[in-house]
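>>> Please find the sequence and the predicted model below.
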Amino acid sequence: MSSSPVLVWFRRDFRLSDHPALHAACSTGRPVIPVFIHDDAVAALGAAPKWRLGLGLEAFGRALADKGSRMILRRGPALEALQALVKETGASAVYWTRLYDPDAVARDTRVKSTLKEQGVEARSFGGHLMFEPWTVETKTGGFYKVYTPFWNMVKARDVEPPLEAPAELAAPENWPESDALEDWNLGAAMNRGADVVRPHVRLGEAAAQERLGMFIEDIVADYDTTRNLPGVDGTSGLSENLALGEISPHQCWHAGLRARQEGKTGAETFLKELVWREFAYHLMHHTPRILTDNWKEDWDAFPWREDADTEAVQRWKQGRTGLRFVDAAMREMYVTGRMHNRGRMIVASYLTKHLMTHWRIGMTWFEDCLIDWDPASNAMGWQWSAGSGPDATPYFRVFNPVTQLDKFDPKEDYTRRWIAEGLSQPSPDALSYFDAIPRRWSLSPEAAYPAPVVAADEGRKVALDAYENKGF
């Protein structure tokens, strides 16, 4: 037992520092074998997140190699793959970082119970969240359904200080066989979009730490204001790295705390955004229906359209609604793999309210297109915007894309960056959109900018009439 390896099963935690499962494995003094498994959960990923996963795996593999280690890749059901590796390596323990979506919980529960029955130590650790969802309770012992009380409950809690990266990872005498990452072809569905998005990716743990450092140094002081301005570099951009665990929320939290102590006023808002992510996971844990069904069940009667193939939905997907804020945000997503946070609210509100289309259609589209896709945040964001989710106030959240643009992009810096039609010298990013999108769309920057599918004021009236007629 003293020399039997520990398998560390990586999933969405591609980092060496502040990694409790890896830290615990290294602390045993035994050989550590990093493992990643291409199972049904990986197969089900959309095009962009699957491609980004492949890039993250490649980068993390290099980081492991720098420590004298390597990532062992296997394909198939997780339990079977782990059992095979236990048999091949003589490993007596399997450690991993918890995930919280229902499918992952069911899989991990089955893995843990089966391995334990077979005499293998199986342990799961925190690290993907700061607060385990079951540890945050109301005074009556229930879960939180509103963000502000959730924030008030956790804001003064101690968050564990980040763990240092291990100095070395003890290698086994013999490494097991591994699949070749290139054989998995995780980027296949991205097609030509991969070459467009790739320059915008900030890949790996070192890049994530650099991104955090630059944000704390140069941006966080004014974050209250800049986070709402899509035409400026005013956000952290860390959602991409948090999604794959290239940085931990603990590391971000403690950096934010230090910034607040230094008097950088926007740091409080940054901390609240980190807790908003925690709140999404809190709700997913306690009400997993948020991923598939209306969180507020009385919204099942709302008359959303559920046809994803209408011309209106197609125009929305293409970023050709005729409303410049909506279209710029959608095009930003195709070129960078991400979308400004205010843009996400605008495009979601437009689809679900102006176009009266079910939020699931938009959520699924984002699931395919975002490199920072996160199951809990994506679902809660869409339901919040639609009105069917927590904290939603439908009458006051039918965003007008025109007035929103006037307020947050008055000089049109954002729209000029992303929309080429009508400009004599479009920006390189605006032109890149035409290189990223499917050829079957047959779009050209020389075409005229389209008239609105639904005018901003007209769409708002339709949405409000629907709420009133249904008694919402």
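Happy to help now that I have it. Residues are numbered from 1 along each chain as shown.

>>> Note down every partner strand of the top strand by length along the chain and its orientation.
Taking residue count as the measure and DSSP state E as the definition, the longest strand of the chain comes out as strand 32-38. Partner strands and pairing direction for strand 32-38 (DSSP bridges) are strand 6-10 (parallel), strand 72-75 (parallel).

>>> tell me the contacts of the closest residue to Glu367 other than its chain neighbours?
If the residues on either side of it in the chain are set aside, Glu367 comes closest to Gly46, at 4.6 Å by Cβ to Cβ, 6 or more residues apart in numbering. Any C-beta I mention is one placed from the backbone N, CA and C, and that applies to glycine too. When contacts are counted by Cβ atoms under 8 Å, 6 or more residues apart in numbering, Gly46 touches Ala189, Glu367, Asp368, Cys369, Leu370, Trp373.

>>> give me the number of residues near the last one?
Look at Trp373: counted by other Cβ atoms under 10 Å, it has 24 neighbours.

>>> show me the contacts for it.
The neighbours of Trp373, taking Cβ under 8 Å, 6+ apart as the test, are Leu45, Gly46, Ala48, Pro49, Ala243, Phe366, Glu367.

>>> Which strand or helix spans it?
Using DSSP states H and E, no element contains Trp373; it sits outside every helix and strand.

>>> Now do the host helix or strand of Trp253: distance to the chain's middle.
Of the helices and strands defined by DSSP H and E, Trp253 is found in helix 249-261. Its chain's C-alpha centre and that of helix 249-261 lie 20 Å apart, by Cα atoms, centre = their mean, to the nearest Å.

>>> next structured bit after that helix?
helix 267-286.

>>> Buried ones in that next one, by neighbour count?
267-268, 270-271, 273-285 (16 or more other Cβ atoms under 10 Å).

>>> ok, now stretch 220-231?
Taking 16+ other Cβ under 10 Å as the basis for neighbour counts, the residues of stretch 220-231 that come out buried are Val220, Ala221, Tyr223, Arg227, Asn228, Leu229, Pro230, Gly231.

>>> Format these as TSV; extra columns: secondary structure.
Supplementary listing: these in TSV, determined by DSSP: H, G, I helix; E, B strand; the rest coil:
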residue	secondary structure
Val220	helix
Ala221	helix
Tyr223	helix
Arg227	coil
Asn228	coil
Leu229	coil
Pro230	coil
Gly231	coil
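
>>> Stretch 122-133 spans what distance, first to last residue?
Using Cα to Cα, to the nearest Å, the gap from the first to the last residue of stretch 122-133 comes to 21 Å.

>>> Distance from the chain centre to the helix or strand containing Arg416, please.
Assigned by DSSP H and E, Arg416 belongs to helix 413-418. Here the centre of helix 413-418 is set off from its chain's centre by 24 Å, with Cα atoms, centre = their mean.

>>> Residue ranges of each domain in the protein, please.
Structurally, the chain divides into domains by automatic domain parsing as follows: 1-127, 129-161+203-286, 297-469.

>>> Out of those, which gets nearest to Glu173?
Closest approach to Glu173 among the domains of the chain is made by domain 1-127 (7.6 Å; Cβ to Cβ).

>>> which stretches of the stretch 101-250 of the chain form helices?
For the stretch 101-250 of the chain, applying DSSP state H, counting those that start in this stretch gives helices covering 102-117, 147-154, 181-184, 193-197, 204-218, 223-226, 239-243, 249-261.

>>> tell me the contacts of the residue nearest to Lys116 when sequence neighbours are not counted?
What sits nearest to Lys116 in space, not counting adjacent residues and going by Cβ to Cβ, 6+ apart, is Ala122, at 5.4 Å. Under the criterion of Cβ under 8 Å, 6+ apart, the contact list for Ala122 reads Ala93, Val94, Val111, Lys112, Leu115, Lys116.

>>> contacts for the lowest-mean-pLDDT helix or strand in the chain?
Per-element confidence for the chain was summarised using mean pLDDT, DSSP states H and E. The lowest value among helices and strands belongs to helix 456-469, with a mean of 82. Counting by Cβ under 8 Å, 6+ apart, the neighbours of helix 456-469 from elsewhere in the structure are 302-303, 323, 350, 353-356, 387, 394-395, 398, 400-403, 454.

>>> So among those, which ones count as buried?
For these, a neighbour count by 16+ other Cβ under 10 Å gives the buried set as 302, 323, 350, 353-356, 387, 394, 398, 400-402, 454.

>>> quick one: pLDDT of the closest residue to Gly193 other than its chain neighbours?
The shortest distance from Gly193 to any residue other than its chain neighbours is 4.5 Å, reached at Ala436 (Cβ to Cβ, 6+ apart). Confidence at Ala436, expressed as pLDDT, is 97.

>>> likewise the one 10 residues further on?
At Glu446, the model reports a pLDDT of 94.

>>> Would you enumerate the residues in contact with the residue lying closest to it once chain neighbours are set aside?
Distance criterion Cβ to Cβ, 6+ apart; nearest residue to Glu446, sequence neighbours excluded, is Glu421 at 7.9 Å. When contacts are counted by Cβ under 8 Å, 6+ apart, Glu421 touches Pro445, Glu446, Ala447, Ala448, Tyr449.

>>> so is Glu421 in a helix, a strand, or just coil?
For Glu421, the reduced secondary structure class is coil; criterion used: three-state DSSP.

>>> Leu443 versus that one, what's the distance?
In this structure, Glu421 lies at 9 Å from Leu443, with Cβ to Cβ, to the nearest Å as the measure.

>>> Over to Asn378?
Using Cβ to Cβ, one obtains 26 Å as the distance from Asn378 to Leu443.

>>> Over to Arg123?
Relative to Leu443, and taking Cβ to Cβ, Arg123 is found at 51 Å.

>>> And Pro428, by the same measure?
Between Pro428 and Leu443 the computed distance is 17 Å (Cβ to Cβ).

>>> Next: Arg52.
Distance, Arg52 to Leu443, using Cβ to Cβ: 25 Å.

>>> so what's Trp316 closest to, chain neighbours aside?
Closest residue in space to Trp316, ignoring its immediate chain neighbours: Leu351 at 5.5 Å, by Cβ to Cβ, 6+ apart.

>>> residues contacting the one you found?
Under the contact definition (Cβ under 8 Å, 6+ apart), the residues listed for Leu351 are Val313, Trp316, Thr357, Trp359, Ile361, Gly362.

>>> and what of Trp96?
Applying Cβ under 8 Å, 6+ apart, one finds that Trp96 lies in contact with Val8, Trp9, Phe10, Arg11, Ala21, Asp108, Arg123, Ser124, Phe125.

>>> ok, these vs Pro172, which is closest?
Within the contacts of Trp96, distances to Pro172 taken as Cβ to Cβ reach their minimum at Val8, with 12.2 Å.
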